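**Q** from the sequence below, what's the structure:
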Amino acid sequence: MYVCICHAVTDREIRACIDDGGGSMRDLRKQLGVGTQCGKCACHVRAILKEEKSAALLAHGSLSA
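**A** The predicted structure follows:
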């Protein structure tokens, strides 16, 4: 699904960027351009970032248990 219409960025691209080390909104802005034009996508991008970080914590926690 397109998240940033201004730069044609999808949720998959955002997740891939996070997986490749883009762990902050600043990283995503720099690498993908999200939130730099109209800003309407920023809230959704932050939600995806939070979701991915939570999933990573859960996966990491279940590996060490």
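
**Q** output the contacting helices and strands for the helix or strand where S54 lies.
**A** Assigned by DSSP states H and E, S54 belongs to helix 42-64. Applying 3 or more C-beta pairs under 8 Å, 6 or more residues apart in numbering; DSSP states H and E, we find helix 42-64 packed against strand 2-4, helix 11-19, helix 25-32. (C-beta placed from N, C-alpha, C; glycine too.)

**Q** and the second one, what does it pack onto?
**A** With contacts defined as 3+ C-beta pairs under 8 Å, 6+ apart, the packing partners of helix 11-19 are helix 25-32, helix 42-64.

**Q** ok, and for the one helix or strand in the chain whose mean pLDDT sits lowest, which residues are buried?
**A** The least trusted helix or strand in the chain, going by mean pLDDT, DSSP states H and E, turns out to be helix 42-64, with a mean of 88. Neighbour counts over helix 42-64 (16 or more other C-beta atoms under 10 Å) mark 42, 44-45, 48-49, 52 as buried.

**Q** how about stretch 2-20?
**A** Buried residues in stretch 2-20 (16+ other C-beta under 10 Å): 3-4, 9, 11, 13-15, 17-18.

**Q** re earlier: can you tell me which of the buried residues of helix 42-64 is nearest G61?
**A** In terms of C-beta to C-beta, no member of these lies closer to G61 than E52, at 14.8 Å.

**Q** now the closest one: closest residue in space that isn't a chain neighbour?
**A** Nearest residue to E52, sequence neighbours excluded (C-beta to C-beta, 6 or more residues apart in numbering): I18, at 4.6 Å.

**Q** in contact with that neighbour: list those residues for me.
**A** The contact partners of I18, taken as C-beta atoms under 8 Å, 6 or more residues apart in numbering, are 28, 48-49, 52-53.

**Q** cool, thanks, talk later.
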